[in-house]
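J.: Here's my sequence, what's the structure:
(2 chains)
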Amino acid sequence: MSVKLTASALAIIAAATTASARDQLQIKGSSTVLPYATIVAEAFGENFDFPTPVVEGGGSGAGRKAMCEGVGENTIDIANSSSRIKPSDIELCASNGVNEIMEVRFGYDGIVFASDINGPSFAFTPADWFSAIAKEVVVDGKLVANPAKTWADVNADLPANEILAFIPGTKHGTREVFDKKVLEAGCKATGAYDIFTEANGGDKKKAKKACHALRTDGLSVDIDGDYTETLARLDANPQAIGVFGLSFYQNNTDKLIVATMDDVTPSTETVASGEYPVSRPLFFYVKKAHLGVIPGLQEYIDFFVSDDMAGPDGPLAEYGLVSDPELAKTQEMVSTGVSMAPLN
Amino acid sequence: MTDATNNGAPKKALKTSLIAVDERTKRRNAAEARFRAYGVVAIVIAILALIGLVGSILNNGSSAFRQTFITMDVYLDPAKLDKDGSGNLEKIAKVSTFGYAPLIAKSFEKKFEDPNVGVEGLSAKKAAKMISKEGPAEMRRFVLANPEMIGETVSFKFLASGRIDGYFKGRVTMESAKLDKNVSTEQLMLADQLKAEGSLQTSFNMGFLTRADGSENRPEAAGLGVAILGSFYMMIVVLCLTLPIGVAASIYLEEFAPKNWITDIVEVNISNLAAVPSIVFGILGLSIFINFMGLPQSAPIVGGLVLTLMTLPTIIIATRASLKAVPPSIRDAALGVGASKMQAVFHHVLPLAAPGILTGTIIGLAQALGETAPLLLIGMVAFVREFPAAPPEGFFDPAAALPVQVYNWTQRADPAFVERASGAIIVLLVFLLAMNAIAIVLRRRFERRW
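T.: Here you go, the predicted model:
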């Protein structure tokens, strides 16, 4: 009896897989883009005759890899990404027959430095951050292991709070931006970059890597989870500073106080104007081979970049997205379906 | 010949008394008392930990079962919803939820005509933000279902937005609202007025169990409907596969298989599989069921298959143990009166072992119900709003699962999701408790001892 049951179960599986055609979009990728994508997916499902797309997180890299797995119903249609696609991804795509990809930049995200609302407020520069958490810093023209213990040691204008920084772990797209826009900028501003370059015989790549090296004495803590974890850690250590996405901060303004960077307060306006230095574009990548095959794909991407959603007064901006000033251009590109040019 | 015992001093006899307790007995009694104290301390620690855990979950999560609603009379303006007055459903459907949102602001304007309602500095448009973004969607669904109601004033019971709801649950206060950019103190004051007037009330939140997940913008509308259904579908798949396979394998191994090195290896492997970390089954599921067999992502069938693999060893071990517990005299008696081996097993051994098998199965299912790790890899950690269809097609539709929904909600930025996540844990615990209770009842009722 049992054998018959299992055999019939397998038969059902086999029959249904061949018969089922996918009617809902499948999207995967960056956890930073995820909230925006879910807001769009929800509104899309409500206003169109197509089912609500299925949106998954997992990280930018994972999303792009899943998109590049091949063409067909069992592969995803759109990869959300908080960093630009890499040449290695494009190679992987090409080797699996995914040739035409549409790159859509739908807005910007700010990265903010925030601490417990009951603590003092901070005014940082990238140099402060580099001097506070880098592994080696310059003292009297020489590289030494980082001696700073309090923020006042780093910059006399800052409060004498002990240094404790919760920064995103290396698997996060946010970390890449942090490395580049904060640590590297600070590295150059303090003069450490030149010394690193010299020490590495003029090798700029190695010098940059040295800039990214962080102290390992526990004052800089990598958070591999998401921002909710960083927030929980701040609750336990009110002295500490955490790195958050702008949208996360905007949803928790009653718990966090935000620090300025180069005297600019992060907000959707200052990020949009480019005054606030630590920001990054947000993308999604569309597999063009699925356009016209999976129902609703074109409608979804048109809807995503429409003024109703991604515009400066739309629900995405309300959640914390910095609207792209060139949105009209993106809309036109999406509706005509231009593939992305080769990366340069 | 000398008697050794007679030589030397006579052995000093231990002075024992039945009334006075001697030193050694005291020590032994003290050791026992200490051991009992250790036991009590261990149990107290365990109970405190349990109380702390359940208490914090109940404390955080019980509010998820209540929700704040605002009742509003909304005039379904034909000028907005049905511009040419044709009543053509296709044209009405063209009006998106963005077109419905202003109607709510209009009805607040109407409300503010009442001198007792209204807060200075709060415009109708800002007041409309107190209604969940789910509101316009509800109105649109209503109008599309009842197009003849356009032009009428209809009373809707809208969800209040997450912050307003949080105000009545103590999560949001006037002080925090001053710092919060998503809610203003004026809105909270208006909420108090509406409550006094009776159009705002907090009541049981059935939607938490029946609604689909909501996006980050509307935590108040997020529910467990899809997750409960997805978990239920997965449990059906697990039950239909593990029970026959597990029982057949156990009966064969226990009653029929020759005892040789091959069966020994099989046995060792089954015990080992029971201890394999569940994430390994997820990796296996991804590569075999999705990549090789081409089953759809995020589907309960794949989740069910993966959990089946995970649960099988547990069920086989439980079944074999209960088969072993049936005394050999039963088999011998059956064989003795001329039954075949199969008849002996199916007519006599299996019925006696059934309660144990059922208990093992239910406990295995409960374990599978709470499992998250393997599901992360097969795409079940997704934002799914569409309910899966009825089985069998529904097994192939995307769905979420209860433990995964908890994981999902703890990652969201809006603090309202903390309450939802704890609420989802409560629902999960209730299901687990119910399953374990069924297992205990079955065991009590049908178990036989020899």
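
J.: Residue B:203 versus the closest residue to chain A within chain B, what's the distance?
T.: Residue of chain B nearest chain A, by Cβ to the nearest Cβ: residue B:244 (3.3 Å). Placement of C-beta: from N, CA and C, glycine included. According to Cβ to Cβ, to the nearest Å, residue B:244 and residue B:203 sit 45 Å apart.

J.: Looking at the two, which is more packed in?
T.: Taking other Cβ atoms under 10 Å in any protein chain shown, residue B:244 and residue B:203 do not tie; residue B:244 has more neighbours (17 against 10).

J.: Which strands and helices lie in contact with the helix or strand hosting that one?
T.: Here residue B:244 sits within helix B:225-251, counting by DSSP states H and E. Judged by 3 or more Cβ pairs under 8 Å, 6 or more residues apart in numbering or on different chains; DSSP states H and E, helix B:225-251 is in contact with helix A:2-19, helix B:207-210, helix B:300-324, helix B:350-369, helix B:402-410, helix B:416-446.

J.: repeat that with 7 Å
T.: helix A:2-19, helix B:207-210, helix B:300-324, helix B:350-369, helix B:402-410 (3 or more Cβ pairs under 7 Å, 6 or more residues apart in numbering or on different chains; DSSP states H and E).

J.: So for residue A:274, which of those helices sits nearest?
T.: Set against residue A:274 and scored by Cβ to Cβ, the helices and strands packed on helix B:225-251 come closest in helix B:402-410, at 34.1 Å.

J.: Check what pLDDT the residue nearest the centre of chain A gets.
T.: The centre of chain A sits closest to residue A:82, judged by Cα atoms, centre = their mean, with a distance of 3.7 Å. For residue A:82, the pLDDT comes out at 87.

J.: surely it meets residue A:59?
T.: No. Taking contacts as Cβ atoms under 7 Å, residue A:82 lies outside contact range of residue A:59: 8.9 Å.

J.: joint contacts of these two?
T.: Residues touching both residue A:82 and residue A:59 (Cβ atoms under 7 Å, 6 or more residues apart in numbering or on different chains) are residue A:30.

J.: Quick one: low-confidence residue ranges for the chain.
T.: Assuming you mean chain A. Within chain A, the stretches with pLDDT under 70 are A:1-21, A:344.

J.: Chain B is the one I meant
T.: B:1-15, B:449-450.

J.: packing partners for the longest helix seen in it?
T.: Counting by DSSP state H, the longest helix found in chain B is helix B:23-61. Judged by 3+ Cβ pairs under 7 Å, 6+ apart, helix B:23-61 is in contact with helix B:416-446.

J.: residues from the stretch 151-300 of chain A in reach of chain B?
T.: Within the stretch 151-300 of chain A, the positions near chain B by Cβ under 7 Å from any Cβ of the partner chain are A:226, A:227, A:228, A:247, A:248, A:250, A:251, A:252, A:253, A:254.

J.: Among the residues you listed, which one has the most neighbours?
T.: Each of those was scored for neighbours by other Cβ under 10 Å, and residue A:251 scores highest at 29 neighbours.

J.: Pull up the gap between that one and residue B:122, please.
T.: Going from residue A:251 to residue B:122 by Cβ to Cβ gives 22 Å.

J.: related to what we said a few turns ago, restrict the helix or strand just after the helix holding residue B:244 to CA atoms and write it as CSV.
T.: With elements assigned by DSSP H and E, the helix or strand that comes after helix B:225-251 is helix B:261-274. Only the C-alpha atoms of helix B:261-274 are listed here, as CSV (Å, rounded to 0.1, in the frame of the first residue of the first chain):
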residue,chain,number,x,y,z
TRP,B,261,26.4,-6.1,7.7
ILE,B,262,24.3,-4.4,5.1
THR,B,263,21.4,-3.8,7.5
ASP,B,264,23.9,-2.8,10.1
ILE,B,265,25.2,-0.1,7.8
VAL,B,266,21.7,1.0,7.0
GLU,B,267,20.9,1.2,10.7
VAL,B,268,24.0,3.2,11.6
ASN,B,269,23.2,5.6,8.7
ILE,B,270,19.6,6.2,9.8
SER,B,271,20.8,7.1,13.3
ASN,B,272,23.4,9.4,11.8
LEU,B,273,20.9,11.1,9.5
ALA,B,274,18.8,12.0,12.5
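
J.: Show me how far helix B:261-274 is from its chain's centre.
T.: 32 Å (Cα atoms, centre = their mean, to the nearest Å).

J.: angle of whichever helix or strand comes after that helix against helix B:300-324?
T.: Going down the chain from helix B:261-274, the next helix or strand is helix B:278-285, by DSSP H and E. Angle between the axes of helix B:278-285 and helix B:300-324 is 120 degrees (criterion: axes from the mean of the first three to the mean of the last three Cα atoms, to 10 degrees).

J.: elements contacting helix B:278-285?
T.: Packed against helix B:278-285 by the contact rule (3+ Cβ pairs under 7 Å, 6+ apart) you find helix B:300-324, helix B:373-377.

J.: Redo the residues of the stretch 151-300 of chain A next to chain B as JSON lines? Include distance to residue A:35.
T.: Listed next are those as JSON lines, based on distance: Cβ to Cβ, whole Å:
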{"residue": "A:226", "distance to residue A:35": "11"}
{"residue": "A:227", "distance to residue A:35": "11"}
{"residue": "A:228", "distance to residue A:35": "12"}
{"residue": "A:247", "distance to residue A:35": "7"}
{"residue": "A:248", "distance to residue A:35": "9"}
{"residue": "A:250", "distance to residue A:35": "11"}
{"residue": "A:251", "distance to residue A:35": "9"}
{"residue": "A:252", "distance to residue A:35": "13"}
{"residue": "A:253", "distance to residue A:35": "16"}
{"residue": "A:254", "distance to residue A:35": "19"}
